[in-house]
Structures are given as C-alpha cells and as structure tokens.
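**Student:** Here is a sequence with its predicted model. Questions after.
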Amino acid sequence: MKKKIFQSIAITSIVLVAISYFLCTFIIYNDLENATKQTLIRETEDLASYYNQDPLTFMETKFYSESRITLIKNDGTVILDSRYTPTSLTNHSTRPEFINALENGHAGSSRYSDTLNESTYYYAIKLSDGNILRLSTTSETLLSTLGSSLMPILLMFACVIIISLIIARILTQKIVDPINHLNLDVPLANKTYPELQPLLENMNYHNKIRKEFSANVSHELKTPLTSISGYAEIMANNLQGDNTQGFSQKIVDESKQLLRIIEDIIKLSKLDEGNVQLDFETINYQEVIQNVLRNLEDYAAKAKVSLIDETLPVKGLAVRQIIYEIIYNLIQNAIKYNYENGHVWISVRDYPRYIEIIVKDDGIGIHDKDKERVFERFYRSDKSHSKQIEGTGLGLAIVKHGVDFHNGTIEVFDYLNHGTKFVIKINK
C-alpha cells in the first residue's frame, strides 16, 4: 500500500511538472517568436531608412547582424546578400514577400527556404528607388535562443521534481503510518487524521455487530444443547420414570431447533459470500406464495391466525428457492408475532420496473427503536423476548440478504400494537 501511494503521488507530480514544463516551453516559444518577428521588422525598417538616406554608403557598409540581409531589384535580381554571393542566388521575383512588398510597400512571410534548407521568417520593405530590402531569420536561430532560455527553467523543474518526490515520500509515510498502527479491536481509540474517522466508526459498528453475533450464536446454540444434555443425562441415570417418550420428544425438539439454527447460519453465510449455486429462472410468484401458505397452514391454525391471500399471477426472473425463503420467513414472523384471531395479508403486484410483495399483519408491531435493527442477526425486540417466542433470530436477516441478492429493496412500516407491513420491491 505504501509503495502504491508513493508511486501514485510521484507519478502525478512528475506528470504535472512535465505538463507545466511543456506549456511553459510553448508559451516562451510563442513569445520569443513574436519578439523575434518584431525585432526583425524594426531592424528592416531601420536599414530601409538608412538605405533611403544614402544608398551608396549602404552598399559599402559591412553589416554585423544575425539576420540575413538581402537587397533585391524590382525585377527580382539579387543585388546584395550578407551571406551569399548575389550571382549564386536565383531570381527572387516569385518569392511571396517580394511580390507583396512591391504591391503593398511591406510584407512578411514564414516558409521553408530552399537556399537555407530550413524554416525561415522573412520581412521585406519597398525602398524609395523601387528596390526591395529583405531581412530573414531562421528557426535554428530561434531554437538556439530558446534553448539557452529554457536551460535554467529545465534545471528549476528538475529541482521541483526532486522536491516533489521527497514530499511524496513524507506524505506517504504520514498517510500509511497511522493505518499500519491501527488498533482494530478498539477502532475509536485510535488517534489519526479526520479522513479515517468514518472508516473507524464503520469498523467499530461492525466489531460491535460481530461481538453481538458471536455472543448470540453461543447463547442460541447453548440453549438447546443444555436441554439435550440435561434430558439425556436424566435418561442415562434412569430417572425419567415412565416419561421416557416425553423426554425423548424433548431431545428431538431441541435437536431440530439446533439444526434450524445451524441451517440458517449456513444460508446466511452463503448469501454473504454470494456462494448460492442456484440459477435465475422465470417464476410465478403467486404459485411460490401459495406453496408457502400451504406449508404454514397448520402453524397458523395452531396460533389461531388467519392467512389472507391477495396475490395475482405475476411472473418474473428470480431464484425460486431464495424467494420462497424470503416469503416463508416474513409470513412465519407475521404469524409468530401476532395475537390470537389475528390476520396476515399477502399480496404481489406487477409494476413496469419492479415486482412488489407486501406482507402485512395486525399483530404486536415493532417499536421505533427496534425498526432499524430488525434485520440484524439474532436481534429480537424486548417485546418478543418477554413473550419468549421461539425462533432462531435469523429469519429477517435471511430476508434482507435474499432481497439484496436480487438487487431489491425492503421497507418496514410499523404500527405499534396494530401490526407491521413489509414491502419488498424486486427489480426486473
């Protein structure tokens, strides 16, 4: 992690410095080019003025200039050139700056010079006797000037990169050190930078949930095991009298409860890991719900709760077994936390973007303080504890994970002492 953070900061710094350097080079080059052109124009104008005052002296003068000076007759013949013998040069009557200067009095052009074999900027002025004075400078001269100007800037940027790497190393150390020394058991006890606080709070919350889960698992598994052990010990010592069948049934019941808890934990673990070896298929939600209602008929009759089917034949793509588990757990909970002569309504509706499943009851309801935690594993409200309602405490956790598996949503609407409504939306 430390290496990756350092590399990210270092690469970002180098890229930014490189971009800045090239932008700086581009700006300086443009400014230098404009300045060179302006200097060439002023120099041409000064020499033209000098020529117009005394042409003979001009012709005899030896000029020391970085610019190439060329005097051209109005027919294009080269009279004088500061770098080449006039007779060695071809007629210039076709040169664009020559033509435009004859017509307009002055002209400039940038083009490739066949004589110099490089890109050149020319500026020409028409003289008082009709001849043309032309000065030129090459890109090589410009680049040479640019190179000498950029060398100090290049050294400066090199220093900036070195300083950036040093700062990147220091920053990386400051970022990584607090993370490497985190106390994961007590996240909120760590003294670190504010950006890590949300992570630490999240870790603290999950630590709390994990500890509660471990404690609850231990308690939920220990309860049936203690009963089984107790009844088995009584039978082993022949203290059951004539109630062998009753004690055996107790052991069977507690064993089933233990098995249900283990099966529910396995289901949750598979949903957590996404390790569900089941395929999506087109299912009839009404058929799945009616199958659940048939399987819970006896349970509802024993609790004296009426099951009311308000479903329609709705079809959608889903994992049949997970949808069955979702609906089964919701309806079972609605029966379990209901009053005698209570009711449970189940409906399913088809909408353009989702399928909606509603399970509603007129039972004991959920307190506001419990509503946000009902989907936690083994969580039960005080009301349910006081009634000593049997169950694994994992039903609604399985429901939530099953809905999440289908990328759906679940909402709880509670009416304390007047029932609860669960609304599930499964995206199509």
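**Tutor:** Alright, I've got the coordinates.

**Student:** in stretch 69-79, what counts as buried?
**Tutor:** 69, 70, 71, 72, 76, 77, 78 (16 or more other C-beta atoms under 10 Å). Heads up, the C-betas are built off the backbone N, CA and C, glycines and all.

**Student:** Show residues contacting that stretch.
**Tutor:** 47, 51, 59, 63, 80-82, 86, 89, 91-95, 98, 102, 124, 130-136 (C-beta atoms under 8 Å, 6 or more residues apart in numbering).

**Student:** Narrow the residues you listed to those in strands?
**Tutor:** Applying DSSP state E to the contacts of stretch 69-79, the entries found in strands are 80, 81, 124, 132, 133, 134, 135, 136.

**Student:** which two of the buried residues of stretch 69-79 lie the greatest distance from each other?
**Tutor:** The span of the buried residues of stretch 69-79, defined through C-beta to C-beta, is set by 69 and 76 at 16.8 Å.

**Student:** which among the contacts of stretch 69-79 end up buried?
**Tutor:** 47, 51, 81, 92, 95, 98, 102, 124, 131-136.

**Student:** Just send the ones in strands among the contacts of stretch 69-79 back as CSV, with pLDDT too.
**Tutor:** Putting these into CSV (pLDDT from 0 to 100) gives the following:
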residue, pLDDT
80, 93
81, 91
124, 96
132, 95
133, 96
134, 95
135, 94
136, 91
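
**Student:** Which of those residues sits closest to residue 112?
**Tutor:** residue 136 (12.0 Å).

**Student:** Test my guess that the closest one contacts residue 122.
**Tutor:** Yes. Using C-beta atoms under 8 Å, residue 136 is in contact with residue 122, at 4.6 Å.

**Student:** would you list every one of the helices in the protein?
**Tutor:** 2-53, 55-60, 96-104, 139-180, 197-236, 244-273, 285-295, 297-302, 320-336, 368-371, 382-387, 395-405 (DSSP state H).

**Student:** Go through the ones you listed and find the least confident stretch.
**Tutor:** Lowest mean pLDDT within these: helix 382-387, at a mean of 44.

**Student:** Nearest to residue 28 among the buried residues of stretch 69-79?
**Tutor:** Closest to residue 28, out of all of those and judged by C-beta to C-beta, is residue 69, at 27.2 Å.

**Student:** I'd like the ones in strands among the contacts of stretch 69-79 as TSV, with distance to residue 177 appended.
**Tutor:** Output for the ones in strands among the contacts of stretch 69-79, formatted as TSV (distance: C-beta to C-beta, whole Å):
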residue	distance to residue 177
80	75
81	71
124	69
132	74
133	72
134	69
135	65
136	63
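
**Student:** which non-adjacent residue is nearest residue 317?
**Tutor:** The shortest distance from residue 317 to any non-neighbouring residue, by C-beta to C-beta, 6 or more residues apart in numbering, is to residue 280 (5.3 Å).

**Student:** Neighbours of that neighbour, how many?
**Tutor:** Residues near residue 280, counting by other C-beta atoms under 10 Å, number 12.

**Student:** and what of residue 11?
**Tutor:** By the measure other C-beta under 10 Å, the count of residues near residue 11 is 11.

**Student:** wait, what's in contact with it?
**Tutor:** Applying C-beta under 8 Å, 6+ apart, no residues qualify as near residue 11.

**Student:** what's the closest of the ones in strands among the contacts of stretch 69-79 to residue 324?
**Tutor:** Of all the ones in strands among the contacts of stretch 69-79, residue 324 sits closest to residue 136, with 89.3 Å by C-beta to C-beta.

**Student:** Now do the contacts for that closest one.
**Tutor:** Per C-beta under 8 Å, 6+ apart, neighbours of residue 136: 40, 67, 68, 70, 113, 120, 121, 122, 123.

**Student:** Let's see which of these end up in strands.
**Tutor:** Judged by DSSP E, strands contain the following of the contacts of residue 136: 68, 70, 113, 120, 121, 122, 123.

**Student:** Closest to residue 227 out of those?
**Tutor:** If you rank those by distance to residue 227 using C-beta to C-beta, residue 121 comes first, at 101.2 Å.

**Student:** Domain-wise, how is the chain divided?
**Tutor:** Using automatic domain parsing, the domain parsing of the chain gives 2-144, 194-271, 277-427.

**Student:** Quick check: residue 158 vs residue 105, distance?
**Tutor:** 49 Å (C-beta to C-beta, to the nearest Å).

**Student:** And for residue 235?
**Tutor:** Separation of residue 235 from residue 105 (C-beta to C-beta) stands at 125 Å.

**Student:** for the nearest residue to residue 108 once chain neighbours are set aside, what are its contacts?
**Tutor:** Closest residue in space to residue 108, ignoring its immediate chain neighbours: residue 123 at 4.5 Å, by C-beta to C-beta, 6+ apart. Contacts for residue 123 (C-beta under 8 Å, 6+ apart) come out as 37, 40, 41, 44, 97, 106, 107, 108, 134, 135, 136.

**Student:** Closest to residue 164 out of these?
**Tutor:** Minimum distance to residue 164 across the contacts of residue 123 is 36.5 Å, recorded for residue 37 (C-beta to C-beta).

**Student:** How much space separates the residue sitting furthest away from the middle of the chain from residue 50?
**Tutor:** Centroid-distance maximum for the chain: residue 56 at 77.6 Å, with C-alpha atoms, centre = their mean. To residue 50, residue 56 is 12 Å away according to C-beta to C-beta.

**Student:** shared neighbours of the two, anything?
**Tutor:** Counting by C-beta under 8 Å, 6+ apart, nothing touches both residue 56 and residue 50.

**Student:** picking up where we left off before, show me which of residue 235 and residue 105 is the more surrounded one.
**Tutor:** Ranked by neighbour count (other C-beta under 10 Å), residue 235 and residue 105 place residue 235 first, with 16 against 11.
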